[in-house]
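Novice: sequence below, structure please.
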Amino acid sequence: MASSASLQRFLPPYPHAAASRCRPPGVRARPVQSSTVSAPSSSTPAADEAVSAERLEPRVEQREGRYWVLKEKYRTGLNPQEKVKLGKEPMSLFMEGGIKELAKMPMEEIEADKLSKEDIDVRLKWLGLFHRRKHQYGRFMMRLKLPNGVTTSEQTRYLASVIEAYGKEGCADVTTRQNWQIRGVTLPDVPAILDGLNAVGLTSLQSGMDNVRNPVGNPLAGIDPDEIVDTRSYTNLLSSYITSNFQGNPTITNLPRKWNVCVIGSHDLYEHPHINDLAYMPAVKGGKFGFNLLVGGFISPKRWEEALPLDAWVPGDNIIPVCKAVLEAYRDLGTRGNRQKTRMMWLIDELVSLHSSTPLTELRMSQCSYQLIAVLALQGMEAFRSEVEKRMPNGVLERAAPDDLIDKKWQRRDYLGVHPQKQEGMSYVGLHVAVGRVQAADMFELARLADEYGSGELRLTVEQNIVIPNVKNEKVEALLAEPLLQKFSPQPSLLLKGLVACTGNQFCGQAIIETKQRALLVTSQVEKLVSVPRAVRMHWTGCPNSCGQVQVADIGFMGCLTKDSAGKIVEAADIFVGGRVGSDSHLAGAYKKSVPCDELAPIVADILVERFGAVRREREEDEE
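Specialist: A predicted model of the protein is given here:
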């Protein structure tokens, strides 16, 4: 895919692979779930007539020809994070070399100064560094940018060498955004680590706080016989734009909150488009390949919503301008008060409410279906769409294609195990990484296996697993016999294969409960009580921030505290049931609140029997 002239105005040159422009043979266009809604009629009042000019005034302005800051008139009622940003520009730690001076300071000196203490606890998140003050004082988690989850053996070995140096304090996690997080990092080492990342083609820049998170794509991109489009070139372009090719892109680093983006490449929707702020859905219009757009999906402590159609289509060779326009609309107009009400969907809701007689929040509280809400919200959505269109290069945003290319009846495939690639004589092997945790020795071995059996490449998935692509068929048997595959099994049990868990309170200061080992323990207990006929996706998150994405799981567990029967405060979980991914996706609802973790197994077993066709073990024994 050659970069268009308009694309180059937004992005420095970046190498990327060719992408398909047409529908693959045998794939029929299917009606899109949301974008089949027709455009507003001519009787609809213009968006800018319904929303006051004052509300549409940008709340930020550029200073010093580089950084974007909140205007003086909008600096009341700010949340603490916004005040930290006003106190000092976070990106200056990277773009002006502030990290090098900070890394030389002893922790005692840092703690004695308000600005430098804010640096290590907040501003360093713009560099992907999270201080583990509560559980690993003086140590940091470092989150990378890894578009599409694609990484190399060289990169994996480098990351392994970093965490190996920290002994028992060092480890790594595969995240729910196809990404690596490494743990145990100490501040004096950061400048050298950043240089090392750059040397192997990696960056941690803009991966935390009010920035765009890792662009997600199809983990089987380019090797999947049934893919619609290879997403790698698109996610690479997005990541390159977001970080300005690892140099820092301050035009989009002062967002009201974090922001997620994905590009859909297969009918399986491995990328979970409906919980992303912007999702590119493949669609053909006028004989040209491109994407319909969904916007506003998110998960937060007190609210979670599916993305809605923007009624917009962009050509496949020009995806960056609309990403930039959506981000700038959110940056300019988003509110910055209550932190729980600053995700982009809250801005969309507000503009819809100002434009429509029926607020979107009321529609969602009713019994309306997702499709009906999409229809009723469309005219109100024009207010947000209008703001995006104003920020497009020519002030024009095309209406959505009537159909997307997603087969709504498609059964989501299991990528774990051995599967044939589109390349003749090649297979990919999906490995289950229990709750995403890996050690340095594991990473060195994964790099070796990728080199010895594949093409030196690894793919990370949003379910915290790893795929080794490009394995010659004659090497598959030897790969399956490797000792590491006893730990990272290609054929885990039906309950283990869908298990996801966030960091938990082992490292994260916000987590209320321990998650990773607890998830494995409860799953083991449940497997002794029931057998299941199919995989059941169980997600664990240590706090209401839901990094473990419990709302998309078949069964989700959100950490909390409660009193047990003896009146003692114990770790517990709220249980969610009924989340679904794929073309018929919807978010889970609460099933039972504040269940002590030690009492979860029999309740989960009951849910599996009642809703998922499980059979109790004692019944199996009786039948035998």
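Novice: and for the closest residue in space to residue 504 that isn't next to it in sequence, the neighbour number?
Specialist: Counting by C-beta to C-beta, 6 or more residues apart in numbering, residue 515 is the residue found nearest to residue 504 once chain neighbours are left out, at 3.2 Å. C-beta: built from backbone N, CA, C; applies to glycine. Around residue 515 there are 30 other residues, counting by other C-beta atoms under 10 Å.
Novice: i'd like the first residue to be 702 from this point on
Specialist: With the count now opening at 702, the last piece we talked about shows up as residue 1216.
Novice: so residue 1216 versus residue 1244, what's the distance?
Specialist: Relative to residue 1244, residue 1216 is positioned 9 Å away (C-beta to C-beta, to the nearest Å).
Novice: ok, residue 960 next?
Specialist: In terms of C-beta to C-beta, residue 960 sits 20 Å off from residue 1244.
Novice: which helix or which strand is home to residue 886?
Specialist: Taking DSSP states H and E as the definition, residue 886 sits inside strand 881-887.
Novice: what does residue 1093 give?
Specialist: When elements are assigned from DSSP H and E, residue 1093 belongs to no helix and no strand.
Novice: hmm, it is touching residue 1024, no?
Specialist: No: with contact defined as C-beta atoms under 8 Å, residue 1093 does not reach residue 1024; the gap is 10.9 Å.
Novice: identify the contacts common to residue 1216 and residue 1244.
Specialist: In the contact map built from C-beta atoms under 8 Å, 6 or more residues apart in numbering, the residues linked to both residue 1216 and residue 1244 are residue 1260.
Novice: give me the most central residue, the protein.
Specialist: In the chain, the C-alpha closest to the average C-alpha coordinate belongs to residue 878, at a distance of 3.8 Å (C-alpha atoms, centre = their mean).
Novice: mind checking the SS state of residue 963?
Specialist: Secondary structure assignment for residue 963 (DSSP: H, G, I helix; E, B strand; the rest coil): strand.
Novice: out of the helices and strands in this protein, which is least certain?
Specialist: For the chain, counting by mean pLDDT, DSSP states H and E, strand 731-732 ranks last in confidence among helices and strands (a mean of 31).
Novice: quick one: contacts for the residue nearest to residue 973 when sequence neighbours are not counted?
Specialist: The spatial neighbour of residue 973 that comes closest, neighbours along the chain excluded (C-beta to C-beta, 6+ apart), is residue 1282 at 5.8 Å. Applying C-beta under 8 Å, 6+ apart to residue 1282 gives the contacts 970, 973, 1113, 1238, 1253.
Novice: what residue ranges in the stretch 1152-1301 of the chain score low on pLDDT?
Specialist: When the per-residue scores of the stretch 1152-1301 of the chain are filtered using pLDDT under 70, the ranges that remain are 1283-1287.
Novice: mind running it again at 80?
Specialist: Counting by pLDDT under 80, the ranges of the stretch 1152-1301 of the chain that qualify are 1205-1208, 1210-1212, 1245-1247, 1249-1251, 1281-1289.
Novice: what's near enough to touch the residue nearest to residue 979 when sequence neighbours are not counted?
Specialist: The spatial neighbour of residue 979 that comes closest, neighbours along the chain excluded (C-beta to C-beta, 6+ apart), is residue 962 at 4.7 Å. The contact partners of residue 962, by C-beta under 8 Å, 6+ apart, come to 913, 914, 916, 917, 939, 977, 978, 979, 980, 981, 1024.
Novice: from those, which two are the most distant?
Specialist: The most widely separated members of those, counting by C-beta to C-beta, are 914 and 981 (15.2 Å).
Novice: more crowded one of these two?
Specialist: A side-by-side neighbour count of residue 914 and residue 981, using other C-beta under 10 Å, places residue 981 first with 30 against 21.
Novice: let me know the helix or strand that that one is in.
Specialist: Assignment of secondary structure by DSSP H and E places residue 981 within strand 979-986.
Novice: any idea how far residue 881 is from the residue nearest to residue 953 when sequence neighbours are not counted?
Specialist: Among residues not flanking residue 953 along the chain, residue 1028 sits closest, at 4.9 Å (C-beta to C-beta, 6+ apart). As for residue 1028, its distance to residue 881 is 24 Å (criterion: C-beta to C-beta).
Novice: and stretch 1297-1307, what's buried?
Specialist: Along stretch 1297-1307, these residues count as buried under the neighbour rule (16 or more other C-beta atoms under 10 Å): 1297, 1298, 1301, 1302, 1304, 1305, 1306.
Novice: out of those residues, the closest to residue 1226 would be?
Specialist: Minimum distance to residue 1226 across these is 3.8 Å, recorded for residue 1302 (C-beta to C-beta).
Novice: helix or strand for the closest one, which one?
Specialist: Take DSSP H and E as the rule and residue 1302 turns out to sit in helix 1301-1313.
Novice: I'd like to know which elements that helix is packed against.
Specialist: When contacts are defined as 3 or more C-beta pairs under 8 Å, 6 or more residues apart in numbering; DSSP states H and E, helix 1301-1313 packs onto helix 1217-1230, strand 1231-1232, strand 1256-1264, strand 1270-1278, strand 1290-1297, strand 1316-1317.
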